[in-house]
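Student: Just to be clear, the model below is a prediction. Sequence and coordinates:
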Amino acid sequence: MTSAFDFHARLRPGPTAVPELLERMDRAGVAGALVSVGGTVDLDRLSAQIVEGGGGDVPVDNDQLWRQVTQSSGRLLPAYFGNPHRPAAEYRREADRFRALEVSPAVHGVGFDHPGLRNLVEAAGEEGHCVYTVCVPGQGAGVRDLIRLARDHPHTTFVFGHCGFITVDAYALGAIAGQPNIVAETSGCFALTVHIALTRLGPDRVLFGSEHPLQHPAVELAKLASLDLPPDTWDKVVRTNAHRLVNEPV
């Protein structure tokens, strides 16, 4: 099988984070990964904020992430984790070191209509970066809110994390199908949900991700392998779609 590219992994602080991820990638047959900052909020707090709302001006150390990826011999590419409570100028100053932007309503407690978040998305468009995000209920951060944001920025690609808020979010996949600049990332959802995504969006709009360290990349690849995808579809989902979005050779 083609060596994979993991579109959604995270690096926690600490000296073991990079070697641990690279070892797991090697075991799973993953050649490279797009990584963003992990461990910004503990899981109990994060899960509460996803369901009940909340969040705020949570600091994100993108400089540390950039230093971490320099230890990976080019296998790990950094995504900038944007904080909408901070000026977008901070992202603009550093954008040329990064390959994508992540915004998180669950962490920072704002919706897709928030001026600070929209300023970050505007900057991403100027830099040619795609935007990774995960929809949550409430807070103006549902799938319909994301679609409105994508319509306002038609030349920017938005990556719809986890194929939706729940593990079988057929509703959301149907909703984004008509918005061509939204693609779906597969970590954490059911295999059936990936099948629905491929059926409704097509193989050019679906991306493999792992959500490491919460999930081993081999588990997520096994989920995809269970679908018995045609070789050309497999290659698009696990490698070439992602490479295009982060400006890597296809």
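Tutor: Thanks, I have the structure now.
Student: For the lowest-mean-pLDDT helix or strand in the chain, name the packing helices and strands.
Tutor: Sorting the helices and strands of the chain by mean pLDDT, DSSP states H and E puts helix 43-52 at the bottom, at a mean of 92. When contacts are defined as 3 or more CB pairs under 8 Å, 6 or more residues apart in numbering; DSSP states H and E, helix 43-52 packs onto helix 105-108. Any C-beta I mention is one placed from the backbone N, CA and C, and that applies to glycine too.
Student: Show me what the least confident helix or strand of the chain is in contact with.
Tutor: Residues from elsewhere that reach helix 43-52, judged by CB atoms under 8 Å, 6 or more residues apart in numbering: 41, 54-55, 106-107, 109, 136-137.
Student: Now which of those would you call buried?
Tutor: Among the contacts of helix 43-52, those classed as buried by neighbour count (16 or more other CB atoms under 10 Å) are 41, 54-55, 106-107, 109, 136.
Student: mind putting those residues in TSV, pLDDT included?
Tutor: Shown next, in TSV, are the buried ones among the contacts of helix 43-52 (pLDDT from 0 to 100):
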residue	pLDDT
Val41	93
Gly54	90
Gly55	92
Ala106	95
Val107	96
Gly109	95
Val136	95
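Student: Run through the chain and note the low-pLDDT ranges.
Tutor: Along the chain, segments meeting pLDDT under 70 span 1-2.
Student: Helices along that one, start to end?
Tutor: Using DSSP state H, the helices assigned to the chain run over residues 17-28, 43-52, 62-69, 88-94, 105-108, 115-127, 143-152, 170-176, 191-201, 217-225, 231-235, 241-245.
Student: re the thing from before, now the least confident helix or strand of the chain: how far from the chain's centre is it?
Tutor: 18 Å (CA atoms, centre = their mean, to the nearest Å).
Student: likewise stretch 198-213?
Tutor: 10 Å.
Student: again with stretch 239-250
Tutor: Taking mean C-alpha positions (CA atoms, centre = their mean), stretch 239-250 and its chain are 14 Å apart.
Student: residues contacting Leu214?
Tutor: With CB under 8 Å, 6+ apart, Leu214 has these contacts: 10, 188.
Student: For it, give me phi and psi.
Tutor: In terms of degrees, to the nearest 10, the main-chain angles of Leu214 are phi -70, psi -20.
Student: Closest to the mean position in the protein, which residue would that be?
Tutor: Centrality entry for the chain: nearest residue to the mean C-alpha point is Tyr132, 4.1 Å, by CA atoms, centre = their mean.
Student: Distance check, that residue against Asp44.
Tutor: 23 Å (CB to CB, to the nearest Å).
Student: Tell me how many other residues crowd Glu52.
Tutor: 9 (other CB atoms under 10 Å).
Student: meant to ask about Arg151
Tutor: Neighbourhood size, Arg151 [other CB under 10 Å]: 11.
Student: residues contacting the spatially closest residue to it that is not a sequence neighbour?
Tutor: With CB to CB, 6 or more residues apart in numbering as the criterion, Arg151 has its nearest non-adjacent residue at 6.8 Å, and that residue is Gln179. Counting by CB under 8 Å, 6+ apart, Gln179 touches 147, 150-151.
Student: count of neighbours near Cys189?
Tutor: If you count neighbours by other CB under 10 Å, Cys189 ends up with 23.
Student: Might you report the residue contacts of it?
Tutor: Contacts of Cys189 (CB under 8 Å, 6+ apart): 162-164, 167-169.
Student: Please consider this matter closed, and thank you.
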